[in-house]
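Peer 1: Only the shape, not the letters, is given here:
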């Protein structure tokens, strides 16, 4: 078939001899990125110096790129802005959401949330005072835990380990019916599957851009605020770039109208420029086609691995629509097996205690990659390649 | 004379026909930066993908570069870490400092502080509750305002408009004598003059790296925490990179020992790599020599401008040791005069209501630049070049 994904794959640099199944952790390098960065550094910073803020339009990059990401997550123009890291954006969203629901003091999350989100919530609530509570339940208990003492439900749509996907529309509806505001972490959703923030009436959403969005190591994060909250949310991190008139240098803070108030400090221009190259690739595809292909690739991998390695146990939902764009398997010697796999050219990752995790990213992973990866995994498992001492755990960074 | 500063000047890209006196706002491009970025993007991100976090040592960059900046500001190894923006670092420092002095509720700052610091303090105190107060006095009143109800003195050492320099040692001593913790914003100090954080017993310090440290637009910020507070300060922004064991993915937060706890989210690797090129230049010079040259250049500029343009009134302290590395002049038509100056190849900047601001950065500005800039300014003022309608204010970004 005429394949748009062959065209997108050609837009990425992929090292020779590597099948990359860890784009859910760090996406690969868009070939055009270096050119954009060179232009930003040499033609803009180098030649324009301070005047680049206006001449090269740096000052508007956080909103411009935010709008481009917005298209991938069902967010209208003017509702997403870039900056900082995902952890900081979680803090902003939670601080604002709690103030918008002042009579309640409970934040509901689940054990499938990425730990940093829980850490950030814990840190914020400690600052706010003893009357606040972080309530963390099992992912399958979230729906029943939407009780009328909860102020904010803060969860990650797709579980970073298993790929299990929450039902954003249903949970948001039930949350609202019980007077609860919602914060959706889209770390494993943005660029992985269709997201319809506005259609689901999500209140806040946050995400990173170094996974499926291919922005590079430590790329900037984004925050979404629903139209109805945009002018009401008080920014707890009230930096000058979120001021109504940053260059008036007034002594008093007045929040900018709309999403701009969620900007904090001076934006990271070079890092943002990388995202322009990445967004150009996203402009080539429809998210529904990406999702269809992603489910195909994941299903194929599950079939192949279960056929070749019955020792491994599927750790992800079997039904495609209940997963994100990743598949995990439990294996007792998963750490060593993943090291052996990486040494043999298939890069996935490992999450304690026993989970081998594989991301499937249609922009640059195809059916042949999936079959190839499964075959190599089969060899490693069946011939106990992992049993070599060199693959056993020694680094503290797993 | 054999001049180390001629050697450092050759390390920067400076556009032809431009005298750049705005390095106090955005430093110019180190020629080596593009090479370091290329290596980081192509050889590391491109080839190593996710394994770059260990193989290329990305995970340690925030501390490694922090230590290099530490050398410029009198901070021992292990007391400075990079990340986020200056506004975020102000928030972290202030939140931690207030908790270390829990019986007091007043934050003292001054009107010469960069507004973003005041905005951030205002935002934090609103979150903490009505019992907190942000008390903002005139810069010259800070010393007398160090009363025993003040919890934290949070000031910028060098005024961003006038260049007026606070006495860090004296104010810190008096603060401590009155039971007050100190936060020093070094935005206009780091790389501008010798700073001795440890010698002054400063408690916390923060700064940006896109001004005198030449890290590029929106480069990452730094935070210093004194040895005595490092293991006691609770990080309010408790992200996973500040966790004792980030890759254990525990549900509960436990702060890392020491300065590492002030890390928040995933570090911005590409932006950090630019700083490596910049720090290599800083390794060539002694800060005392930089300071001596900076005072020479500023004094020369003041002499020349006062001789050529008696219409302008000095807005900075006349005595070199009471200034940072910048000089400002009041001029009623300062906005238009600065636009005319920029159009004629001398880049400084303007700060409302009437201040023309010039930064002097010995690494790449020399005596000839100073004389040349003063001569062009003389022509613009004396021949009323600024009176052309094209130089009058229209942009909201000044």
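Peer 2: Happy to help now that I have it. If you're wondering where the values come from, they're calculated on a predicted model, not measured in any experiment.
Peer 1: Tell me who's in contact with the residue of the stretch 1-150 of chain A found nearest chain B.
Peer 2: In the stretch 1-150 of chain A, the residue that lies nearest chain B is residue A:85 (2.6 Å; Cβ to the nearest Cβ). The way it works is simple: take the backbone N, C-alpha and C, and place the C-beta from them, glycine included. When contacts are counted by Cβ atoms under 8 Å, 6 or more residues apart in numbering or on different chains, residue A:85 touches A:208, A:218, A:220, A:221, B:83, B:84, B:239, B:264, B:265, B:266.
Peer 1: Keep only those of these that are in strands.
Peer 2: Here DSSP state E is the test, and the contacts of residue A:85 give A:221, B:83 as lying in strands.
Peer 1: any idea how far the closest residue to residue A:217 other than its chain neighbours lies from residue A:178?
Peer 2: Nearest in space to residue A:217, with sequence neighbours left out and distances taken as Cβ to Cβ, 6 or more residues apart in numbering or on different chains, is residue B:269 at 3.8 Å. With distances taken as Cβ to Cβ, to the nearest Å, residue B:269 is found 42 Å from residue A:178.
Peer 1: For these two, indicate the residue with more neighbours.
Peer 2: residue B:269 (26 against 13; other Cβ atoms under 10 Å in any protein chain shown).
Peer 1: okay, that one: pLDDT?
Peer 2: On the pLDDT scale, residue B:269 is placed at 98.
Peer 1: now residue A:353
Peer 2: Reported pLDDT for residue A:353: 89.
Peer 1: rewinding a little: not counting sequence-adjacent ones, nearest residue to the residue of the stretch 1-150 of chain A closest to chain B?
Peer 2: Closest to residue A:85 by Cβ to Cβ, 6+ apart is residue B:265, at 2.6 Å.
Peer 1: Now look at the lowest-mean-pLDDT helix or strand in chain A and say if it contacts chain B.
Peer 2: Lowest on mean pLDDT, DSSP states H and E among the helices and strands of chain A sits strand A:349-351, with a mean of 94. Yes - applying Cβ under 8 Å from any Cβ of the partner chain, one finds strand A:349-351 touching chain B at A:349, A:351.
Peer 1: quick one: strands adjacent to that strand?
Peer 2: If you go by DSSP bridges, strand A:349-351 pairs up with strand A:355-359 (antiparallel).
Peer 1: and for the strand it pairs with, what are the contacting residues?
Peer 2: For strand A:355-359, contacts defined as Cβ under 8 Å, 6+ apart pick out A:21-25, A:161-162, A:211-212, A:301, A:312, A:315, A:325-331, A:334, A:337-338, A:341, A:348-351, A:373.
Peer 1: OK, contacts around the residue of the stretch 201-350 of chain A found nearest chain B?
Peer 2: When scored by Cβ to the nearest Cβ, the stretch 201-350 of chain A has residue A:265 as its residue closest to chain B, at 2.6 Å. Contacts of residue A:265 were listed using Cβ under 8 Å, 6+ apart, and they are A:83-84, A:239-241, B:84-88, B:116, B:218, B:221.
Peer 1: try residue A:31
Peer 2: Contacts of residue A:31 by Cβ under 8 Å, 6+ apart are A:11, A:12, A:13.
Peer 1: ok, which of those residues also contact chain B?
Peer 2: Among these, proximity to chain B is found for residue A:13 (Cβ under 8 Å from any Cβ).
Peer 1: Show me the contacts of residue A:31 that map onto helices.
Peer 2: Using DSSP state H, no member of the contacts of residue A:31 falls in helices.
Peer 1: Can I get the contacts of residue A:31 in a markdown table including neighbour count and pLDDT?
Peer 2: A markdown table is the format used below for the contacts of residue A:31 (neighbours: other Cβ atoms under 10 Å in any protein chain shown; pLDDT from 0 to 100):
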| residue | neighbour count | pLDDT |
| --- | --- | --- |
| A:11 | 19 | 98 |
| A:12 | 23 | 98 |
| A:13 | 18 | 98 |
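Peer 1: State the distance from the residue of the stretch 201-350 of chain A closest to chain B to residue B:303.
Peer 2: Going from residue A:265 to residue B:303 by Cβ to Cβ gives 37 Å.
Peer 1: One more: residue A:222?
Peer 2: Residue A:222 is 50 Å from residue B:303, by Cβ to Cβ.
Peer 1: Tell me which of these two has more neighbours.
Peer 2: Neighbour tally, residue A:222 and residue B:303, criterion other Cβ under 10 Å: the higher count belongs to residue A:222, 28 against 12.
Peer 1: so what's that one bridging to?
Peer 2: residue A:82, residue A:207.
Peer 1: does it really touch residue A:82, like I thought?
Peer 2: Yes - Residue A:222 is within contact range of residue A:82, at 5.2 Å (criterion: Cβ atoms under 8 Å).
Peer 1: anything in contact with each of those two?
Peer 2: Common neighbours of residue A:222 and residue A:82 (criterion: Cβ under 8 Å, 6+ apart): A:66, A:69, A:209.
Peer 1: residues contacting the last one?
Peer 2: If you count contacts by Cβ under 8 Å, 6+ apart, residue A:209 has them with A:69, A:82, A:190, A:215, A:219, A:220, A:221, A:222, A:275, A:278.
Peer 1: run the last query once more with 10 Å
Peer 2: By Cβ atoms under 10 Å, 6 or more residues apart in numbering or on different chains, the contact set of residue A:209 is A:27, A:65, A:69, A:82, A:86, A:187, A:190-191, A:215-216, A:218-222, A:271-272, A:274-275, A:278-279.
Peer 1: ok, now the second one?
Peer 2: With contacts taken as Cβ under 10 Å, 6+ apart, residue A:69 has the following neighbours: A:75, A:80-82, A:186, A:190-191, A:207, A:209, A:213, A:215, A:222, A:224, A:275, A:278-279, A:282.
Peer 1: Any idea how far the host helix or strand of it is from the middle of the chain?
Peer 2: Following DSSP states H and E, one finds residue A:69 within helix A:61-70. Centroid displacement of helix A:61-70 relative to its chain, using Cα atoms, centre = their mean, to the nearest Å, is 15 Å.
Peer 1: what about stretch A:314-332, near chain B?
Peer 2: No - Stretch A:314-332 lies apart from chain B when judged by Cβ under 10 Å from any Cβ of the partner chain; the minimum separation is 13.4 Å.
Peer 1: end-to-end on that stretch?
Peer 2: End-to-end distance of stretch A:314-332 (Cα to Cα, to the nearest Å): 12 Å.
Peer 1: Also stretch A:356-376?
Peer 2: Across its full length, stretch A:356-376 reaches 14 Å between end residues, using Cα to Cα.
Peer 1: got it, and stretch A:122-133?
Peer 2: End-to-end distance for stretch A:122-133, by Cα to Cα: 9 Å.
Peer 1: Following element in sequence after the longest helix anywhere in chain A, please.
Peer 2: Taking DSSP H as the criterion, chain A has its longest helix at helix A:287-308. Counting by DSSP H and E, the next helix or strand C-terminal to helix A:287-308 is strand A:313-314.
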